[in-house]
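>>> how would this look folded up:
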Amino acid sequence: MTAQHVAGAPAPPTGEYDADVIILSLDRPDETAEAVRSALAQRGVTRHVVVVDQGSRPENLARLAALLWDRPDATLVRLPENLGVAGGRNRASALGHGRVIVALDNDAEFATEETVAEAVAALDDDAGLGALGFRILAHANGEDDQSSWGYPPRLKPFAAGSFDAATFVGAGHAIRRTAWEQAGGYDEALFFCWEEFDFCLRAIALGWTIRYRGDLAVLHKVSPGQRVAWSATRWFYFVRNRLYIERKYGASWPSLAPRMAGYFLRSLRNGVGGQMVRGVVAAAQMSRTIRAHPLPLRARAYLARTDQAHRGTLLGRVRDEVMAALPAPVLATRD
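Modelled structure (predicted):
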């Protein structure tokens, strides 16, 4: 799919530079403009900002074009259709050649003007580090954005620290381009939801480490606009993609029964049972087209140490779902 150049430089510089800062755009013009300004304000690093629009209304695209019209350090392109998060980030990453790819959601801003430089330095300091997940703070109050915590709940007390992880949160992160290229980027079949986890599994299988860094942060506006709502199709993508990923790496359907039971209970509790059924059916259809590749032993050991050890057993999590789905007890009162 050919991207149409809209504004800014026709392409990133031909020489070496540190980082590509990529931002996807789909309307939300005010938030997107602030995200772009935040990226353009990054200092202490050589970088190029790449904005990929995936179907904004003409007036909103024109506003972005005006912002970047004569910028030699930024490029705005437009795709003829919405490829989702996975496809959009793949296209944005392929436009540049900086040794680090830094992604910022279009409803977020970097917490400081040195965030990108510090992320690049962290990757330069550790040759085995494939990707960094940033701390996601709520823009309104600077507190942790609980809806964007993508790690085991038991690790929340360490949000300001650093730890090796199985994934990162897409709202703000950095990937070493070498790891990106070796792992093959995102699986575009996922479209939306779990694409970061799937990428990380492939990177981990190749021997790369993923790390959360609480000292590197973005401010997230948690905007509902243009998001896939839980009441619409988000739960469908959540279920479909997670089951599909498990099948990609060799899980059998019987082994997925406890996970599906937990999803079913959560679906009933949230009134999205239809999405659950659609998600399971779609995952089954998608998994017919792939050849499963079980993760190597070293990757499974890494996941056990960095993720599973902090979550408890799957059966225990299903039990928690059952308890959460039960009606609240009625407390006896005295006259």
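
>>> what's the burial count for the closest residue to Glu109 other than its chain neighbours?
The shortest distance from Glu109 to any non-neighbouring residue, by C-beta to C-beta, 6 or more residues apart in numbering, is to Ser38 (3.9 Å). Placement of C-beta: from N, CA and C, glycine included. Using other C-beta atoms under 10 Å, Ser38 has 23 other residues around it.

>>> what's in contact with the helix or strand harbouring Ser38?
Per DSSP states H and E: Ser38 is located in helix 29-40. With contact meaning C-beta atoms under 8 Å, 6 or more residues apart in numbering, helix 29-40 is reached by 21, 23, 25, 47, 49, 51, 56, 60, 63-64, 67-68, 71, 73-74, 104-110, 116, 221, 223, 225.

>>> pLDDT below threshold where in the protein?
Applying pLDDT under 70 to the chain picks out residues 1, 223-232, 313-335.

>>> switch to 80 and redo it
Residue ranges of the chain with pLDDT under 80: 1, 222-232, 312-335.

>>> keeping just the C-alphas, turn the longest strand along it into PDB.
If you go by DSSP state E, the chain has its longest strand at strand 209-220. Taking C-alpha atoms only, strand 209-220 is exported to PDB below (Å, rounded to 0.1, in the frame of the first residue of the first chain):
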ATOM      1  CA  THR A 209      15.200  -8.500  26.500                       C
ATOM      2  CA  ILE A 210      12.200  -6.300  27.100                       C
ATOM      3  CA  ARG A 211      12.400  -3.800  29.900                       C
ATOM      4  CA  TYR A 212      10.000  -1.400  31.700                       C
ATOM      5  CA  ARG A 213      11.500   1.900  32.700                       C
ATOM      6  CA  GLY A 214       9.500   3.900  35.100                       C
ATOM      7  CA  ASP A 215      11.800   6.900  34.800                       C
ATOM      8  CA  LEU A 216      10.800   7.400  31.200                       C
ATOM      9  CA  ALA A 217       7.200   8.500  30.900                       C
ATOM     10  CA  VAL A 218       4.500   9.900  28.700                       C
ATOM     11  CA  LEU A 219       1.400  11.800  29.700                       C
ATOM     12  CA  HIS A 220      -1.700  10.100  28.400                       C
END
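
>>> partner strands of it, parallel or antiparallel?
Here strand 209-220 has these sheet partners by DSSP bridges: strand 108-110 (antiparallel), strand 129-138 (parallel), strand 162-165 (antiparallel).

>>> just the angle for that strand relative to helix 29-40, thanks.
Interaxial angle, strand 209-220 versus helix 29-40 (axes from the mean of the first three to the mean of the last three C-alpha atoms, to 10 degrees): 130 degrees.

>>> the stretch 1-150 of the chain: helices as residue ranges?
Taking DSSP state H, counting those that start in this stretch, the helices of the stretch 1-150 of the chain run over residues 29-40, 58-68, 84-95, 115-125.

>>> now, of those helices, which is deepest in the fold?
helix 84-95 (a mean of 22; mean count of other C-beta atoms under 10 Å).
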